[in-house]
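Chemist: below: sequence and its predicted model.
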Amino acid sequence: MPFNPHAMGVHNVLKWLSPLVRPMLNAPSARRLESAVNIADLRLAARQRAHRMVFDYLDAGADDEITLRRNKDAYSSLELHPRVLAGLKPPLDLSARFMRSECALPFFVSPTAGSKMFHADGEQGVARAAAKHGVMYSLSTMGTSAPAEVAAAIPPKHPKLFQLYVWKDRALVRDMLRQAMDNGFDALALTVDLTWYGNRERDVRNGFTVPPAYTLRQIADAVRAPAWSWDFLANEEYAYAAVKLAAEGAFYTLVPIRPRSRGRERRRRESLAAGKTHDEEAFPMDRRAQVAFIRDAFDPSFDWDDAEWLVNEWGDRGPVALKGVLTPEDARLAVERGFDAVWVSNHGGRQLETSPAAIDVLPNIRDALGGVRKWAIAKDAEEAALRRGASIDAAAAATRAALDEDADDGSPPLALAKKTGLAVELVVDGGVQRGTDVLKGLALGADAVALGKPYLYGLGAGGEAGVDRAFTILRDELERAFGLLGVGTTAELRRRIGRGEGLVRRRGVSARDFPDPGAAERGWGGGIF
């Protein structure tokens, strides 16, 4: 049997020493966290604390990482054109309504796999920091915490989104949806750009596995990251939550051969009825083999009919977003198939190399769904109705009435969600490092901006406290950007761009945007983010 300290129960001994050892090992990380003034500082702090394999998994993109670099550079080519003497003073109201939730800030936690590989605080720590700042939390299917664990960490009514990948087995999908529903997740996102796995060469070179393998190279890198290594050895070995559920027999296709329970037999019949046939096979006990087993459940043949089936399975529980859209054509198809929101994303530059930056295609997708003017009119009517305590149906009626009163400008009709009649929302992610980046996403027609790497750098740098630091930095930067631009609220921003004010404009990137030799190392222009 390969060497494995967790199999020997070492973590059960070390956890008793953690109250004494962890503060000493984490003291340098705490100092770096305290001195961080931007997300680039958090990135460097995370690199110094984390195991190399883990940090590179977070930091990397696909192939030559061209799209990864373009994601950041696309924001650098956008200028903000301020209006002066706006009479604004802090604090500004930066709240926003999206995915049918009222949030204190217009950005939120993007679902990311394996938070506990970056820090033992994991998904629960991120969720607690999100709740503190009034930021919506999103849990990945491939998270290292189950929906029930996350739900227990934050207030019951805090906005929560569950992200689902494409699986071969519909009974398995139903089980995952039930986990989310039973634990108060009120929004769903289907990620559709991971049916084929991207070529992440840093992971290949580093021998990336979940959990880490005990090779000489990994052990040597662990020695160089004592705070991370102590957390790893003093806690249970992390693995994807879906694997844990499978190991407990939640999914009938992923359990050791034994007499079937009624539940597994029911799921077997459901899967057969849906045309999915899989032979039961012994579930591997080694967690590294379990991860490979789970990844084999991904379905590259998943299509629009399957996506529509998923929307119907979620039902009226809450809004459903399609994540991974980069073209107007796919955005329109998403609306036709019943999605409430379109999530413009290239998966952080980690999938198809040389795919466009999401922020670059956002304006065309907004235009394809009716344009910013009609969107601003509809959202104003919707939010005014909901503030009066109106139902969703009444808000939809108010939306239609406002659009009917508007003069036709020849643009396409505004896309309205099939289930609710409300305006279809747009989310954008990828390349966000600054509060000004969030502002640019909103000014180009997004209802909200999703963040992945920024909060994960904070998590890797210092756990929950690091995520809190990341959100504080971005909130302060965003408020300052709104004030300097001369805009007081997200609703005002939406109305002004709806009227055609050119608050954000594109320019060519020049060397002056990246002013010194250390800029690329800090994440500027070198496309680190």
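Modeler: Everything's here; your move.
Chemist: quick one: what helix or strand has the residue nearest to H133 when sequence neighbours are not counted in it?
Modeler: Using CB to CB, 6 or more residues apart in numbering and skipping residues adjacent in sequence, the residue nearest H133 is F471, 4.5 Å away. (Glycine included, C-beta is placed from N, CA and C.) Per DSSP states H and E: F471 is located in helix 453-485.
Chemist: counting contacts, what elements does that helix pack onto?
Modeler: Counting contacts by 3 or more CB pairs under 8 Å, 6 or more residues apart in numbering; DSSP states H and E, helix 453-485 is packed against helix 18-35, helix 39-49, helix 52-59, strand 78-80, strand 107-109, helix 122-133, helix 435-443.
Chemist: using CSV, list the CA coordinates for the following helix or strand past the third one.
Modeler: Looking back up the chat, that one is helix 52-59. The helix or strand immediately downstream of helix 52-59 is helix 66-76, counting by DSSP H and E. Output of helix 66-76 as CSV, limited to C-alpha atoms (Å, rounded to 0.1, in the frame of the first residue of the first chain):
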residue,chain,number,x,y,z
ILE,A,66,-3.0,33.2,-23.9
THR,A,67,-6.7,33.5,-22.9
LEU,A,68,-5.6,33.8,-19.3
ARG,A,69,-3.5,36.8,-20.2
ARG,A,70,-6.2,38.3,-22.4
ASN,A,71,-8.8,38.1,-19.6
LYS,A,72,-6.9,40.6,-17.6
ASP,A,73,-5.6,42.7,-20.6
ALA,A,74,-9.2,43.2,-21.8
TYR,A,75,-10.0,45.2,-18.8
SER,A,76,-6.8,47.3,-19.1
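Chemist: could you say what helices and strands helix 66-76 packs with?
Modeler: Using 3+ CB pairs under 8 Å, 6+ apart: helix 66-76 touches helix 358-368, helix 435-443.
Chemist: export those helices to a markdown table and tack on mean neighbour count, distance to W343 and mean pLDDT?
Modeler: Output for the helices and strands packed on helix 66-76, formatted as a markdown table (neighbours: other CB atoms under 10 Å; distance: least, CB to CB, whole Å; pLDDT from 0 to 100):
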| stretch | mean neighbour count | distance to W343 | mean pLDDT |
| --- | --- | --- | --- |
| helix 358-368 | 21 | 9 | 97 |
| helix 435-443 | 26 | 12 | 98 |
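Chemist: now do the phi/psi pair for the residue nearest to M99 when sequence neighbours are not counted.
Modeler: Distances taken as CB to CB, 6+ apart put A187 closest to M99, at 4.5 Å, once the chain neighbours are dropped. Phi and psi for A187, reported as degrees, to the nearest 10, are phi -150, psi 160.
Chemist: for G324, same thing?
Modeler: Residue torsions, per degrees, to the nearest 10, at G324 are phi 120, psi 20.
Chemist: could you list the low-pLDDT ranges of the stretch 251-400 of the chain?
Modeler: Along the stretch 251-400 of the chain, segments meeting pLDDT under 70 span 251-295.
Chemist: all helices of it, in order?
Modeler: Applying DSSP state H, counting those that start in this stretch to the stretch 251-400 of the chain gives helices spanning 262-273, 287-295, 304-314, 328-336, 358-368, 371-387, 392-405.
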